[in-house]
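Peer 1: sequence below, structure please.
(one chain, ligands or ions: 3)
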Amino acid sequence: MRSASPGLDRREAEVYAKLKPALPQHVAIIMDGNGRWARRRHLPRVAGHRAGVAAVRSTVETAARIHIPALTLYAFSAENWKRPGAEVSFLMRLLRHYLAEQLPTLMRNNIRLDYIGRIHELPADVQERMCQARTETSGNSGMVLTLALNYGSRGELVDAVSSLVSKAATNGGFEHLKVSEEAIAQQLYTCHLPELDMVIRTSGEMRLSNFLLWQAAYAEIYVTEKLWPDFRGIDLLTAILEYQKRERRYGGISAQ
Ligand code: IPE
Ligand code: IPE
Ligand code: MG
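Peer 2: Ligands and ions are numbered 1, 2, ... in the order given. Next comes the predicted model:
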């Protein structure tokens, strides 16, 4: 059980006090339900995306304050290009805005920003801002915040295998090609991140939607009915409390 609550509000501190010392090392969140949040208020879908920024802010700050080493947020999937052009443009503008506006918060919380996904396919101005924000936070030694943008897990695996094959081709041919779980994992976008411990999805949807399929092999999955714009740091702490009650057997047998 914990006593000190590092900069948390009273309600957060109450949940934090119940947590055991072993926190998940890497938490990933599928931030879903923005459109439904807006629809319930008779607002356009984009209002839900805008409201989602407050959820990001609160969740990121709480995660950094309790010293989660890695937080990965699914912000735009490789399949999200199928949405109406106006919604996609809004999301790109929102991302640019978020990066500019949140930089001081990231710096204050010692957060290092990084990205996964086919970043080179994003609009040039967005890439530029992303690059600036990553460079500015690169000296921070606290939590790594990874934004998954134009990310698809199958595409990531295709990229990983392509890279293994082309490395073998340039290193003297396919007799040197070694295909193993380690070799594939080393080519994934997430190769520098700790093992994924937990996937949270908001809005009650029971699927992974092409998110971290390889990495989630033994991650604990936590689904909440809360829509993303309503999610806050306290909900992250509640999810971690639930995670700590699970028994992770990895195919073995119960320790009890
Ligand atoms: C998640 O909310 C945000 C993104 C996918 C970018 P949605 O926009 O998917 O919201 P719903 O699922 O339609 O409610
Ligand atoms: C997953 O949500 C992608 C992100 C949260 C960025 P979607 O709303 O795109 O997923 P589906 O279409 O319901 O599976
Ligand atoms: Mg959705």
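
Peer 1: show me what contacts L177?
Peer 2: 164-165, 168 (C-beta atoms under 8 Å, 6 or more residues apart in numbering). Quick note: C-beta positions are derived from backbone N, CA and C, even for glycine.

Peer 1: filter the residues you listed to the buried ones?
Peer 2: The neighbour-count test (16 or more other C-beta atoms under 10 Å) applied to the contacts of L177 identifies 164, 168 as buried.

Peer 1: okay, the contacts of L177 in TSV with secondary structure and pLDDT next?
Peer 2: Output for those, formatted as TSV (DSSP: H, G, I helix; E, B strand; the rest coil; pLDDT from 0 to 100):
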residue	secondary structure	pLDDT
L164	helix	94
V165	helix	93
A168	helix	90
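
Peer 1: can you add distance to ligand 1 and give the contacts of L177 back as JSON lines?
Peer 2: Shown next, in JSON lines, are those (distance: C-beta to the nearest ligand atom, whole Å):
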{"residue": "L164", "distance to ligand 1": "30"}
{"residue": "V165", "distance to ligand 1": "32"}
{"residue": "A168", "distance to ligand 1": "36"}
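
Peer 1: these two touch, right, P6 and A63?
Peer 2: No - the criterion here is C-beta atoms under 8 Å, and P6 misses it with A63 at 11.6 Å.

Peer 1: in terms of neighbours, single out the busier of these two.
Peer 2: A63 (27 against 12; other C-beta atoms under 10 Å).

Peer 1: what helix or strand is the more buried one on?
Peer 2: Assigned by DSSP states H and E, A63 belongs to helix 45-65.

Peer 1: need the residues of the protein near ligand 2, please.
Peer 2: 30-32, 74-77, 80, 205, 207, 209 (C-beta under 6 Å from any ligand atom).

Peer 1: mind listing the helices for the stretch 101-250 of the chain?
Peer 2: 124-137, 153-170, 181-187, 233-245 (DSSP state H, counting those that start in this stretch).

Peer 1: okay, buried residues for the last one please.
Peer 2: Under the neighbour-count criterion of 16+ other C-beta under 10 Å, helix 233-245 has 233-240, 243 buried.

Peer 1: thought D230 was touching A54?
Peer 2: No - contact criterion C-beta under 8 Å: D230 and A54 do not qualify, at 9.5 Å.

Peer 1: these two: who's more crowded?
Peer 2: D230 (17 against 13).

Peer 1: from ligand 1, how far out is that one?
Peer 2: 12 Å (C-beta to the nearest ligand atom, to the nearest Å).

Peer 1: can you give me the strands in this protein?
Peer 2: Assigned by DSSP state E, the strands in the chain fall at 26-30, 70-77, 112-116, 144-151, 198-201, 220-223.

Peer 1: reformat the buried residues of helix 233-245 as CSV; add distance to Y222.
Peer 2: Listed next are the buried residues of helix 233-245 as CSV, based on distance: C-beta to C-beta, whole Å:
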residue, distance to Y222
G233, 15
I234, 14
D235, 10
L236, 10
L237, 12
T238, 9
A239, 5
I240, 9
Y243, 7
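
Peer 1: quick check, nearest of those to ligand 1?
Peer 2: Nearest to ligand 1, judged by C-beta to the nearest ligand atom, of the buried residues of helix 233-245 is D235 at 15.7 Å.

Peer 1: pLDDT below threshold where in the stretch 1-150 of the chain?
Peer 2: 1-5 (pLDDT under 70).

Peer 1: quick check: the residue of it nearest ligand 1.
Peer 2: For the stretch 1-150 of the chain, C-beta to the nearest ligand atom, closest residue to ligand 1: G35, 2.7 Å.

Peer 1: just give me the neighbour total for that residue.
Peer 2: When neighbours are defined as other C-beta under 10 Å, G35 has 20 of them.

Peer 1: quick one: contacts for the closest residue to it other than its chain neighbours?
Peer 2: For G35, ignoring the flanking residues on the chain, the nearest one in space by C-beta to C-beta, 6 or more residues apart in numbering is R45 at 4.3 Å. Counting by C-beta under 8 Å, 6+ apart, R45 touches 34-35, 38-39, 87.
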